[in-house]
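**Student:** No sequence on hand, only this structure:
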Ligand code: SF4
């Protein structure tokens, strides 16, 4: 870590070294960042122990959005719980619905019809794009770039329009339920979706021009908060954060679900070789990589959606719900733990049945919860201005950190 | 390795420490004696054949009828990359550690998997399981002065907290609703 | 033709003091950046390109409460957060307005029954001017709520308002 800073900010570190040897009088200071802070993405609070500009220790405090999701899970039937899963990670609600629905299906042995499965994949990947767009925009905002934020929200609204046409909501969809999906695709969905994809794909280059390869942005995020692969795994990081450290781990491929093995897509990792235009000054596992992996993932999602749209032609409209999913009894003594790959990492649900219609335990493993616990480890001996860069690149949604 | 092979391996290595093996169903697991758990955890993490380097989740359970609490550790192995192909999970497995309800203690495994630090704090906060030798066992989600452990089945909802009235569903005269 | 016409010099505008102050206040409501949960994403969407809250003069999101006069409480307020919310509210300079955005802040919303850690309505902590129902409210509803608030401000008067003064002392106590 220290070497990294030495390279990127030599003057500061020299000062700091002298201070350590007692040449300069310095005093440690506790700074409280959050829970209301524009760069902490929600209600995260980080207590920083600083010496001048240097952060010696950063301790995150969470729980400001603890909404009792697990207690609610053991009080309601799975159907009633689906809306609450929306509100775990509200930026990618489809993926949350799906993670829980999949766990219930595995528990009760429900087969999902082929069309429903394809519709799910389409919506999951669309939501992944929408979620990464928010991340890209908000991260730009953290780093002082306002324009990309307006651009990405323009595209995101188009995805929300697609969602709205089919399931009627902009943010909290409750669309994917155990057994299938709630409604069939809206009229003309396939065409408008294709139209959107054609429009969207070139836009990714715009984001790259505006933000990804912007000198200032690269300088602020490159070599900042480097997480080696070994640490990333030990701290339970998943999703883009883990992949940025160079580990090609994606639950969609590692433990396939929802027929993802049918699709042809790549898993981008930190510092992709061969793509050429990687700016100088970034290393594997730094904040820039965590950001850029998301940009690359959007392209892969587009690829998956195109394939799924093609496959949709062979299915019968209307076959969207498995039979016999009313009054679902969860078998007694049975339990399941299942992970799916969400935009932020592996979302896991542990569900235990007790013979009634209400599960006896629902545990949600929020990917951001695990991703965030590395903060103290990486935010050591960095500058105060690097804290938003690191925390923002981890990209947590407090809803599923605190649950 | 299949769950069966893993449980056999654990049985052979640790004998009595493995109290029960449950392989039926979608979630195979073994029950490990609480005081031998750190040893088993080290083995799961370091053994060449297993290499469970990713602790995915710790789910705390309230087994009220048996008067027990339990923690379920879900593990999986992330293999080392040898080429550019996506990694495939070689095996996943789960371990359950049971403790009594009156005085729940489970040894911490935060030194085996760093991520256990926060997951154990969460289990302590919401279920009240005390993890011995944990580096920093504090409440994590609820405020420090919160009363009780919400995920226990016999938890009573607070009627007020620092002057703010609580839920009205539980025999509280409604302030407004 | 009334008695006042043609009596004032050219180049002078007359208005009532109330009207002028209210006009200034309605057209530059600066909200504090205070996103709590899901509703905050809709608040961000309202601030972004399609809905553009700037059209109503309320787009200058301030990072600090000391520069803001509107607090949009967008999301679930929990017990742990309540004292921070109260503190932020106290830091805002007068005149200050609060909008409760979303079912959670209106009355606990989906967490009313089983949410042991959720405050059942933000009006138990700070006084609220406008309630916006919805889970989450669409950006259009937020804009509508903003216009209702502007209506409210437009009808304020500088004269002594005994009711408002009396109510202000009766805020929900918070002993944190
Ligand atoms: S009202 Fe609904 S959308 Fe808004 S914060 Fe509450 S749960 Fe989330």
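**Tutor:** Ah, there it is. What you see is a predicted model, and the numbers here were worked out from it, not measured in a lab.
**Student:** Which helix or which strand is home to residue 148?
**Tutor:** Picked chain A for this. helix A:147-167 (DSSP states H and E).
**Student:** look at chain C instead
**Tutor:** Element membership for residue C:148 (DSSP H and E) is helix C:139-154.
**Student:** Could you do residue A:340 as well?
**Tutor:** strand A:335-342.
**Student:** touching chain B at all, that strand?
**Tutor:** Yes - Strand A:335-342 is in contact with chain B by C-beta under 8 Å from any C-beta of the partner chain, via A:335-337, A:339. Where C-beta positions appear, they are placed from N, C-alpha and C, glycine not excepted.
**Student:** And chain A, is the lowest-mean-pLDDT helix or strand in chain B touching that?
**Tutor:** The helix or strand of chain B with the lowest confidence, counting by mean pLDDT, DSSP states H and E, is strand B:164-165 at a mean of 78. No - Strand B:164-165 is not in contact with chain A by C-beta under 8 Å from any C-beta; minimum separation 14.8 Å.
**Student:** That strand and chain C, are they touching?
**Tutor:** Yes - judged by C-beta under 8 Å from any C-beta, strand B:164-165 and chain C are in contact via B:164-165.
**Student:** Can you tell me the strand partners of that strand and which way each runs?
**Tutor:** For strand B:164-165, the paired strands and their directions (DSSP bridges) are strand B:160-161 (antiparallel).
**Student:** taking the mean pLDDT, what do you get for the strand it pairs with?
**Tutor:** Mean pLDDT, computed over strand B:160-161, is 80.
**Student:** Not counting it itself, show me its contacts.
**Tutor:** Outside of strand B:160-161, the residues within contact range by C-beta atoms under 8 Å, 6 or more residues apart in numbering or on different chains are B:166, C:79.
**Student:** Now do that strand: distance to the chain's middle.
**Tutor:** How far strand B:160-161 lies from its chain's middle: 29 Å, per C-alpha atoms, centre = their mean, to the nearest Å.
**Student:** can the strand holding residue A:340 be found next to chain C?
**Tutor:** No - if you take C-beta under 8 Å from any C-beta as the test, strand A:335-342 misses chain C, and the best it gets is 15.7 Å.
**Student:** What helices and strands are in contact with that strand?
**Tutor:** helix A:93-108, helix A:251-254, strand A:345-352, strand B:54-63 (3 or more C-beta pairs under 8 Å, 6 or more residues apart in numbering or on different chains; DSSP states H and E).
**Student:** Nearest to residue A:198 among these would be which one?
**Tutor:** Closest approach to residue A:198 among the helices and strands packed on strand A:335-342 (C-beta to C-beta): helix A:93-108, 21.8 Å.
**Student:** That closest one close to chain B?
**Tutor:** Yes - Helix A:93-108 reaches chain B (C-beta under 8 Å from any C-beta) through A:106-107.
**Student:** Let me know the next secondary structure element after that helix.
**Tutor:** Next along from helix A:93-108, by DSSP H and E: helix A:114-142.
**Student:** rewinding a little: what does the strand holding residue A:340 rub up against?
**Tutor:** A:89, A:92, A:95-96, A:98-99, A:102-103, A:106-107, A:128, A:238-239, A:250-252, A:255, A:257-258, A:346-353, A:361, A:365, A:367, B:25-27, B:56-57, B:59, B:72, B:74, B:94.
**Student:** at 7 Å instead, please
**Tutor:** With contacts defined as C-beta atoms under 7 Å, 6 or more residues apart in numbering or on different chains, strand A:335-342 is touched by A:89, A:92, A:95, A:98-99, A:102-103, A:106-107, A:239, A:250-252, A:255, A:257, A:346-352, A:367, B:25-27, B:56-57, B:74, B:94.
**Student:** what are the ranges of the strands in the chain?
**Tutor:** The chain I'm using is chain A. A:28-33, A:45-51, A:54-61, A:176-177, A:180-181, A:335-342, A:345-352, A:361-365, A:382-383 (DSSP state E).
**Student:** please go with chain B instead
**Tutor:** Using DSSP E, the strands found in chain B span residues B:18-22, B:29-32, B:54-63, B:68-76, B:92-100, B:105-107, B:130-132, B:160-161, B:164-165.
**Student:** ok, back up a step: so which of the strands of chain A is the most surrounded?
**Tutor:** Mean neighbours per residue, mean count of other C-beta atoms under 10 Å in any protein chain shown, is largest over the strands of chain A for strand A:345-352, with a mean of 28.
**Student:** what is the nearest residue to residue B:59 once chain neighbours are set aside paired to in the beta sheet?
**Tutor:** Closest residue to residue B:59 apart from its sequence neighbours, by C-beta to C-beta, 6 or more residues apart in numbering or on different chains: residue A:363 at 3.8 Å. Beta bridges link residue A:363 to residue A:350 when assigned by DSSP bridges.
**Student:** Would you mind measuring from residue A:363 to the ligand?
**Tutor:** 20 Å (C-beta to the nearest ligand atom, to the nearest Å).
**Student:** Just the pLDDT at the closest residue to the ligand within the stretch 101-250 of chain A, thanks.
**Tutor:** At 5.9 Å from the ligand, residue A:172 is the closest residue in the stretch 101-250 of chain A, using C-beta to the nearest ligand atom. At residue A:172, the pLDDT value in this model is 87.
**Student:** Now for the residue lying closest to it once chain neighbours are set aside: which residues touch it?
**Tutor:** Spatially, and ignoring its direct neighbours in sequence, residue A:172 is nearest to residue A:86 (4.0 Å; C-beta to C-beta, 6+ apart). Residues counted as contacts of residue A:86 (C-beta under 7 Å, 6+ apart) are A:93, A:96-97, A:172-174.
**Student:** Then residue A:65?
**Tutor:** A:42-43, A:398-399, A:402, C:36-37, C:76, C:78.
**Student:** same question, residue A:78
**Tutor:** Shown in contact with residue A:78 (C-beta under 7 Å, 6+ apart): A:104, A:178, A:328, A:359.
**Student:** Can you get me a residue count around residue A:360?
**Tutor:** Residue A:360 has 21 neighbours, counted by other C-beta atoms under 10 Å in any protein chain shown.
**Student:** Same check on residue B:2?
**Tutor:** 11.
**Student:** Return the per-residue confidence for the nearest residue to it once chain neighbours are set aside.
**Tutor:** Once flanking residues are discounted, residue B:2 sits nearest to residue B:91: 7.3 Å by C-beta to C-beta, 6+ apart. For residue B:91, the pLDDT comes out at 84.
**Student:** Tell me where chain C is predicted with low confidence.
**Tutor:** Low-confidence segments of chain C (pLDDT under 70): C:1, C:160-161, C:164-176.
**Student:** how about 50 then?
**Tutor:** Scanning chain C with the threshold set as pLDDT under 50 gives C:172-176.
**Student:** Walking through it, point out its helices one by one.
**Tutor:** Taking DSSP state H to define them, one finds helices in chain C at C:17-26, C:38-47, C:79-91, C:103-107, C:139-154, C:162-168.
**Student:** Let me have the ones you listed in CSV, extended by distance to residue A:219 and mean neighbour count.
**Tutor:** Below are the helices of chain C laid out as CSV (distance: least, C-beta to C-beta, whole Å; neighbours: other C-beta atoms under 10 Å in any protein chain shown):
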stretch, distance to residue A:219, mean neighbour count
helix C:17-26, 41, 14
helix C:38-47, 26, 25
helix C:79-91, 33, 20
helix C:103-107, 40, 25
helix C:139-154, 35, 18
helix C:162-168, 49, 9
